[in-house]
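Trainee: would you be able to build a 3D model of this:
(chains A and B)
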Protein chains: 2
Amino acid sequence: MTANYNAWFQCASGCDERYELDQIVYKCEKCNGLLEVRHDMDKLKQKTPDYWKELFGRRYMRTEWPYGSGVWGKKELVCPNISNENIVSLYEGGSNLFWAKRFGEELKLRDLWIKQCGNAHTGSFKDLGMTVLVSMVKQMISEGRGILGVACASTGDTSAALAAYCAAAGIPAIVFLPKDKVSTSQLVQPLANNALTLSIDTDFDGCMKLVREVCSRENIYLANSMNSLRIEGQKTVSIEITQQFDWEVPDVIVVPGGNLGNVTALGSGFLMMKDLGIIDKLPRLVCAQAERANPLYLSYLKNFEDYRPIQAQKTLANAIQIGDPVSIHRAIKTLKAFNGVVEQATENELADAAARADRSGLFNCPHTGVALAVLMKLVKKDVIKTDEKVVVISTAHGLKFPEFKIGYYTGTIKGVESRYMNRPVEVRADYDTIRTAVFKAIERGCYDLQPSQKKGPPQR
Amino acid sequence: MTANYNAWFQCASGCDERYELDQIVYKCEKCNGLLEVRHDMDKLKQKTPDYWKELFGRRYMRTEWPYGSGVWGKKELVCPNISNENIVSLYEGGSNLFWAKRFGEELKLRDLWIKQCGNAHTGSFKDLGMTVLVSMVKQMISEGRGILGVACASTGDTSAALAAYCAAAGIPAIVFLPKDKVSTSQLVQPLANNALTLSIDTDFDGCMKLVREVCSRENIYLANSMNSLRIEGQKTVSIEITQQFDWEVPDVIVVPGGNLGNVTALGSGFLMMKDLGIIDKLPRLVCAQAERANPLYLSYLKNFEDYRPIQAQKTLANAIQIGDPVSIHRAIKTLKAFNGVVEQATENELADAAARADRSGLFNCPHTGVALAVLMKLVKKDVIKTDEKVVVISTAHGLKFPEFKIGYYTGTIKGVESRYMNRPVEVRADYDTIRTAVFKAIERGCYDLQPSQKKGPPQR
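Mentor: Now for the predicted structure:
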């Protein structure tokens, strides 16, 4: 334990059951409620805000193991209960807060930033949470708990992150998947990282049921999104963004939402900083949903007075294609505390928003597309003001979604118009033909050939 | 100019012609030799080694524009002639120096590290050089030089980096490509970043000839690898690695080599640090070539006394599929100064090496596979000693090479055996069947279930 700081699992439903973080427990054993990680805030509050800012600054991206990691540099606020020698870190966090100068200008936003969480070891923000979960498993193994492996049911980023961290630590990873529903492209990261990938003769819900059964009957740890250790790692995004603004809190944060762990995590990071006096205001949180998987949006329309799970339809933003989010109640609570807004985006809107922003130097995944489309809608509706400092959370690297990117630029995604299409221009190997093509493109390109004389980003 | 430091182009062939860095010049106008960037070393030497270490440390990954970038944090040593307001930076550098504990143990190497240069905005190390080139173009535009765009002939990482940096700056980018030789998958990054991609009715050499002609006759800047501004950015890899080891120089560095700019750049960074007294020894440099594109290796076998261009054959490591490297003479000079070694790897060897290392948490591109295969050979031959501190340069993220990764794990790459194959295991949705599969995999998995009690990496 780090300097006697402490954290534990506590039932989030109010029954106040507590468990140690190295217990193998996923839900409250008394009331079956979700568990959340609670910290000994009295102990943490014994330090001044300046102490924390100085400490986090001193460690950030530096060489003292494991504190150079964006997650473990905030260890006291994340998971103080793990010994440093058990930490499994791939230098997560520290991703670029991209100053979207040109895209911001298009939207008349003065101060727009995109947090590139996908610029990570496995290409998505999932690394941030997985480092905490796998480190805790390593700690439990070192305590002689006899854990044989870690399992999850996931088709995408979660299984990639689980497999990579387990491979680095030498812990078996097991991925449960529905047979014939998943392409090799989606599987190639866990396969490369030597995970056992089970292709099971059932659907996704069947896989989930089976992985839970295996984890409850055998000594296999469950890495699903209800595991709130991962939230603790993900919440460092809030702290890192604030740190990258020299401890200034942005006005608005836009995040794509499916299972809604990320909304919860962002909120949790800001609330903890406020509680410790590191910041004195909260940003407004915007949750962006795909129209085809919008249960939170539907609830928001009714002031969160009613919530009903839906049947999610197929969406390009497949990682948030979720009809009954695990963290729905925590997310609603968070949004209420953060003057929250929920907005949705159609398939066309999300694909075009990703492509439009790509034109100014990004390479967005479809989920980031959802967030960007929602941003554009809310600016238009004047919900987000043009003088506000806005951060959009980009959850994965576009390179993780080759079918989406190639489909858009070949115009082959059904129902998507590809308004920001760009195709190779076929020309003969002849100087004049090429010259004409080049000058035509430069003319229609709407480029900004007189670079602004602004001295770099307004804040960093 | 930063504090009166200065750098300029100088003919590398010894004729001592000099040009300003903002001149549009690619080769020596007197003798047609390659140009290299030279720095006013006397001026730089007026500062102490501790001054530089402290300065680079203070800036590293911090918020003061543009010095948080791994490249621009070393601006005085890279390109002092660019005004900060013209710098086009996407926070390049600062990539993880991955401690390959488990893979090192397999090879009996005590101290093995993989520098993850592919964990970057566009997914490859090319960002490091491109930020310098595009910033210089922006500077030239701001000086009223009337540059209309930047062009290159490239099928891969270079065009992706060029397009992204130009898109961020609002400068037109033009990519020249041979028709029908390039897949949309290779093109999708420049297309997304709004580059004009010309698909030309000729071969690659024809494209190269045309792009040179366009750039010499029109106000279009040439971004090809002979442009030595890019080397200045790439050389920060040497400095950053040393910084990440708290200014200790590793014993050996292994880097894949095609056009050989990277060998030149790594050498240049170390020599400059030695000249400034920041380090007092040089590492041994190992250049790893694909057997199918091995002109440097063939020359090395004859003690570099003879060099002949070859016709490169098709290799999985397509970014280094080069028979007549631009930087051949600079690279030979560098290798001689660094007690250099050249070794080659077959297609089978490079694919297996990438996959074998992936099992301990990486996701290697084929070029990194070449470097890893060469590492394994040289350890076996006792050229690299097991107690040496070794760094392998990983040049791109595996996510940039989906065909390679999927091909390996589906066993569909012609001539590659996929010895480290891992396939999904098909099972019925039945508890006992799944339990059996899980336990069988755990048994054969050779996992390290008793985590070592080592207190993190030996050095960081």
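
Trainee: how about the residues of the stretch 151-300 of chain A near chain B?
Mentor: A:151, A:164-165, A:167-172, A:174, A:177, A:179, A:184-185, A:187-189, A:191-202, A:206, A:210, A:213-214, A:217-218, A:220, A:244-246 (Cβ under 8 Å from any Cβ of the partner chain). Heads up, the C-betas are built off the backbone N, CA and C, glycines and all.

Trainee: which PyMOL command selects the buried ones in these?
Mentor: Selecting only the buried entries of these in PyMOL, with 16 or more other Cβ atoms under 10 Å in any protein chain shown as the criterion:
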select buried, chain A and resi 151+164+165+167+168+169+170+171+172+174+177+179+184+187+188+189+191+192+193+194+195+196+197+198+199+200+202+210+214+218+220+244+245
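
Trainee: mind checking which of the residues of the stretch 151-300 of chain A next to chain B are in strands?
Mentor: Those of those mapping onto strands are A:Ala151, A:Ile174, A:Leu177, A:Leu196, A:Thr197, A:Leu198, A:Ser199, A:Ile200, A:Ile220, per DSSP state E.

Trainee: I figured A:Gln186 was touching A:Thr155, is that so?
Mentor: Yes. In terms of Cβ atoms under 8 Å, A:Gln186 counts as a neighbour of A:Thr155; the distance is 5.6 Å.

Trainee: okay, helices next: where are they in the stretch 1-150 of chain A?
Mentor: In the stretch 1-150 of chain A, the helices defined using DSSP state H, counting those that start in this stretch lie at A:41-44, A:49-59, A:75-78, A:101-106, A:126-142.

Trainee: quick one: closest of those helices to B:Gln139.
Mentor: Nearest of the helices of the stretch 1-150 of chain A to B:Gln139, taken as Cβ to Cβ: helix A:101-106 at 17.0 Å.

Trainee: now for that closest one, which elements pack on it?
Mentor: strand A:111-116, helix A:347-358, helix B:157-169 (3 or more Cβ pairs under 8 Å, 6 or more residues apart in numbering or on different chains; DSSP states H and E).

Trainee: mind doing that once more with 10 Å?
Mentor: Counting contacts by 3 or more Cβ pairs under 10 Å, 6 or more residues apart in numbering or on different chains; DSSP states H and E, helix A:101-106 packs against strand A:111-116, helix A:347-358, helix A:366-380, helix B:157-169.

Trainee: ok but A:Arg330 is inside a helix, no?
Mentor: Yes. Judged by DSSP: H, G, I helix; E, B strand; the rest coil, A:Arg330 forms part of a helix.

Trainee: circling back: tabulate the helices of the stretch 1-150 of chain A in TSV, adding columns for mean pLDDT.
Mentor: What follows is the helices of the stretch 1-150 of chain A, written out as TSV (pLDDT from 0 to 100):
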stretch	mean pLDDT
helix A:41-44	98
helix A:49-59	98
helix A:75-78	98
helix A:101-106	96
helix A:126-142	97
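
Trainee: just name the most buried of these.
Mentor: Neighbour counts (mean count of other Cβ atoms under 10 Å in any protein chain shown) averaged over each of the helices of the stretch 1-150 of chain A peak at helix A:126-142, with a mean of 27.

Trainee: distance from it to the middle of the chain?
Mentor: Here helix A:126-142 is found 17 Å from its chain centre; the criterion is Cα atoms, centre = their mean, to the nearest Å.

Trainee: try stretch A:382-397
Mentor: 15 Å.

Trainee: how about that stretch, does it get close to chain B?
Mentor: Yes. With Cβ under 10 Å from any Cβ of the partner chain as the measure, stretch A:382-397 is seen reaching chain B through A:His397.

Trainee: A:Lys45 touches A:Leu77, doesn't it?
Mentor: No. Under the criterion of Cβ atoms under 10 Å, A:Lys45 makes no contact with A:Leu77, lying 11.7 Å away.

Trainee: overlap of the contact sets of these two?
Mentor: Common contact partners of A:Lys45 and A:Leu77 (Cβ atoms under 10 Å, 6 or more residues apart in numbering or on different chains): A:Leu276.

Trainee: would you list every one of the helices in the stretch 351-460 of chain A?
Mentor: Under DSSP H, counting those that start in this stretch, the stretch 351-460 of chain A gives helices at A:366-380, A:402-410, A:431-444.

Trainee: possible to save these as CSV with mean neighbour count?
Mentor: Output for those, formatted as CSV (neighbours: other Cβ atoms under 10 Å in any protein chain shown):
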stretch, mean neighbour count
helix A:366-380, 27
helix A:402-410, 21
helix A:431-444, 15
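
Trainee: identify the residues contacting A:Tyr19.
Mentor: So A:Tyr19 contacts A:Trp8, A:Phe9, A:Gln10, A:Cys11, A:Val25, A:Tyr26, A:Cys28, A:Glu29, A:Leu35 (Cβ under 10 Å, 6+ apart).

Trainee: pLDDT wise, what is it at?
Mentor: The model reports A:Tyr19 with a pLDDT of 96.

Trainee: likewise for the one 4 residues further on?
Mentor: The confidence metric pLDDT takes the value 93 at A:Gln23.

Trainee: which residues touch it?
Mentor: Per Cβ under 10 Å, 6+ apart, neighbours of A:Gln23: A:Trp8, A:Phe9, A:Glu29, A:Leu35, A:Met140, A:Arg145.

Trainee: run the last query once more with 7 Å
Mentor: By Cβ atoms under 7 Å, 6 or more residues apart in numbering or on different chains, A:Gln23 lies in contact with nothing.

Trainee: and the gap between it and A:Gly233?
Mentor: Separation of A:Gln23 from A:Gly233 (Cβ to Cβ, to the nearest Å): 19 Å.

Trainee: could the ones in strands among the residues of the stretch 151-300 of chain A next to chain B go into TSV alongside pLDDT and distance to A:Ile82?
Mentor: As requested, those are exported to TSV (pLDDT from 0 to 100; distance: Cβ to Cβ, whole Å):
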residue	pLDDT	distance to A:Ile82
A:Ala151	97	21
A:Ile174	97	22
A:Leu177	90	30
A:Leu196	95	25
A:Thr197	94	28
A:Leu198	94	29
A:Ser199	92	33
A:Ile200	93	32
A:Ile220	96	20
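
Trainee: tell me the two of those residues that are most distant?
Mentor: Maximum distance among those (Cβ to Cβ): 17.9 Å, for A:Ser199 and A:Ile220.

Trainee: okay, the spatially closest residue to A:Leu148 that is not a sequence neighbour: pLDDT?
Mentor: Once flanking residues are discounted, A:Leu148 sits nearest to A:Asn219: 5.0 Å by Cβ to Cβ, 6 or more residues apart in numbering or on different chains. pLDDT for A:Asn219: 94.

Trainee: which residues touch A:Asn219?
Mentor: By Cβ under 7 Å, 6+ apart, the residues touching A:Asn219 are A:Gly146, A:Ile147, A:Leu148.

Trainee: does A:Thr155 count as helix, strand or coil?
Mentor: At A:Thr155 the chain is in coil, as set by three-state DSSP.

Trainee: would you quantify the distance from the closest residue to it other than its chain neighbours to B:Asn86?
Mentor: Of all residues not flanking A:Thr155 in the chain, A:Val182 sits nearest, at 5.1 Å (Cβ to Cβ, 6+ apart). Distance, A:Val182 to B:Asn86, using Cβ to Cβ: 47 Å.

Trainee: just A:Cys28 next, same as before
Mentor: Using Cβ to Cβ, we find A:Cys28 at a distance of 57 Å from B:Asn86.

Trainee: do the same with A:Ser268
Mentor: Distance check for A:Ser268 against B:Asn86: by Cβ to Cβ, it reads 40 Å.

Trainee: low-confidence stretches in the stretch 351-460 of chain A?
Mentor: A:446-460 (pLDDT under 70).

Trainee: can you rerun that using 80?
Mentor: For the stretch 351-460 of chain A, the stretches flagged by pLDDT under 80 are A:444-460.

Trainee: neighbours around A:Val88, how many?
Mentor: 26 (other Cβ atoms under 10 Å in any protein chain shown).

Trainee: which ones are touching it?
Mentor: A:Thr131, A:Val134, A:Ser135, A:Lys138, A:Tyr165, A:Ala168, A:Ala169.

Trainee: wait, doesn't A:Glu232 sit right on A:Leu77?
Mentor: No. Applying Cβ atoms under 7 Å, one finds A:Glu232 not in contact with A:Leu77, separated by 8.3 Å.
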